[in-house]
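Colleague: got a predicted model here, sequence first, then my questions.
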Amino acid sequence: MRKIVIAGNWKMNKNRAEAAELVKAIAPKAEDALCDVIVCVPFTDLDVVCNAAKDTKIKVGAQNCHWAKSGAYTGEISADMLVEAGIEYVIIGHSERRQYFGETDITVNQRVKAALEAGLKVILCVGELLEEREQGITAEICSMQVKIALTDIPADQLDNIIIAYEPVWAIGTGKTATADQADEVCGIIRNVIASLYCECCAEKVIIQYGGSMNAKNAAELLAKPNVDGGLIGGASLKPDDFGVIIAAATEEMKK
Ligand code: PGA
């Protein structure tokens, strides 16, 4: 049985004091969790969040990293820098990076490779735009994004990759994919992994759903066979709501 992984994506929210406070509020809710709990926080919060998360079940991630080891890339942070800062996870290819910062499938692949080489675990985001869903090309878009992102990634690295299916139209909009829609696309992505690698790899790979997952809809989404967790934006900033999602994941794991 696959583990459920609940990850918060704080985006560009929380100053250092607020970040420490939020982790302290989440910690007791993660204490008895059977799922994994990750918070992906702004770069400037990483050290305080690592400190606050010490001796708790919470793991810490960043929200992006560059593909080069070092060099003239003003404003960027390398994967090695994150490792040195004690960070375990990094989100790559979030739709906001694709939409606002020129991220492409090719640069997503470069970042994934660099992150894995540095020893980070990657939360790789893919997902279709509303127009693409309406055109009936969701499967093609998500399959293509996964295939390009995983180019030259060997099978033994799949243990270090979580795929997050995040339909762009559901992110921050309050419009969640139905549990069946989420399950269907997570299943399509699982089949892509089977075709790229092997059936066993597909059975093992963790695929999250993200996009307006919240305290109310989490249990139904997490109950779906192909949905192995959530990447949660808005609701991860509210400790009580995030706690309910963690509890729903724990209940699901007990089944
Ligand atoms: P949301 O964000 O939960 O606020 O929709 C999800 C994400 O962007 O990862």
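Modeller: Good, I have the coordinates.
Colleague: please make it C-alpha for all contacts and neighbour counts, starting now.
Modeller: OK.
Colleague: would you map the strands across the chain?
Modeller: Secondary structure of the chain (DSSP state E): strands at 5-9, 36-40, 58-62, 89-92, 121-126, 161-165, 206-210, 229-232.
Colleague: right, and those strands - which one's nearest residue 47?
Modeller: Among the strands of the chain, the nearest to residue 47 by C-alpha to C-alpha is strand 58-62 (9.6 Å).
Colleague: now do that closest one against strand 36-40, angle only.
Modeller: Here the directions of strand 58-62 and strand 36-40 differ by 40 degrees (axes from the mean of the first three to the mean of the last three C-alpha atoms, to 10 degrees).
Colleague: out of the strands of the chain, which comes closest to the ligand?
Modeller: strand 229-232 (4.1 Å; C-alpha to the nearest ligand atom).
Colleague: would you confirm that residue 66 contacts residue 76?
Modeller: Yes: Residue 66 is within contact range of residue 76, at 6.1 Å (criterion: C-alpha atoms under 8 Å).
Colleague: out of the two, which sits in the more crowded spot?
Modeller: Per other C-alpha atoms under 10 Å, whichever of residue 66 and residue 76 has more neighbours is residue 66, with 22 against 14.
Colleague: give me the below-cutoff pLDDT ranges for the stretch 101-250 of the chain.
Modeller: Nowhere does the stretch 101-250 of the chain drop to pLDDT under 70.
Colleague: those residues of it touching the ligand, which are they?
Modeller: Listed as neighbours of the ligand in the stretch 101-250 of the chain under the rule C-alpha under 6 Å from any ligand atom: 170-172, 210-213, 231-234.
Colleague: need the buried ones from those residues selected in ChimeraX.
Modeller: The following ChimeraX line selects those of these that are buried, judged by 16 or more other C-alpha atoms under 10 Å:
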select :170,171,172,210,211,212,213,231,232,233,234
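Colleague: for the residues of the stretch 101-250 of the chain next to the ligand, which one is nearest residue 184?
Modeller: residue 210 (13.7 Å).
Colleague: so the closest one is in contact with residue 227, correct?
Modeller: No: counting by C-alpha under 8 Å, residue 210 stays clear of residue 227, with 9.9 Å between them.
Colleague: what's the burial count for the residue nearest to residue 85 when sequence neighbours are not counted?
Modeller: Among residues not flanking residue 85 along the chain, residue 47 sits closest, at 7.0 Å (C-alpha to C-alpha, 6 or more residues apart in numbering). Using other C-alpha under 10 Å, residue 47 has 16 other residues around it.
Colleague: and residue 47, what's its pLDDT?
Modeller: pLDDT recorded at residue 47 is 98.
Colleague: from residue 211, how far off is it?
Modeller: Residue 47 sits 27 Å away from residue 211, going by C-alpha to C-alpha, to the nearest Å.
Colleague: likewise for residue 39?
Modeller: From residue 39 over to residue 211 (counting by C-alpha to C-alpha), the distance is 16 Å.
Colleague: got it, and residue 92?
Modeller: 16 Å.
Colleague: tell me who's in contact with residue 126.
Modeller: 93-95, 142, 145-146, 163-167 (C-alpha atoms under 8 Å, 6 or more residues apart in numbering).
Colleague: restricted to helices, list those residues.
Modeller: 95, 142, 145-146 (DSSP state H).
Colleague: so which of those residues wins on neighbours?
Modeller: The residue in those with the most neighbours, by other C-alpha under 10 Å, is residue 146 (25 neighbours).
Colleague: the helices in this structure, which residues?
Modeller: Under DSSP H, the chain gives helices at 16-30, 46-53, 79-84, 95-100, 105-118, 130-134, 138-149, 179-196, 199-204, 218-222, 239-254.
Colleague: what would those look like in JSON lines with distance to residue 3?
Modeller: Formatted as JSON lines, the helices of the chain follow (distance: least, C-alpha to C-alpha, whole Å):
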{"stretch": "helix 16-30", "distance to residue 3": "15"}
{"stretch": "helix 46-53", "distance to residue 3": "21"}
{"stretch": "helix 79-84", "distance to residue 3": "24"}
{"stretch": "helix 95-100", "distance to residue 3": "25"}
{"stretch": "helix 105-118", "distance to residue 3": "20"}
{"stretch": "helix 130-134", "distance to residue 3": "29"}
{"stretch": "helix 138-149", "distance to residue 3": "21"}
{"stretch": "helix 179-196", "distance to residue 3": "15"}
{"stretch": "helix 199-204", "distance to residue 3": "9"}
{"stretch": "helix 218-222", "distance to residue 3": "11"}
{"stretch": "helix 239-254", "distance to residue 3": "7"}
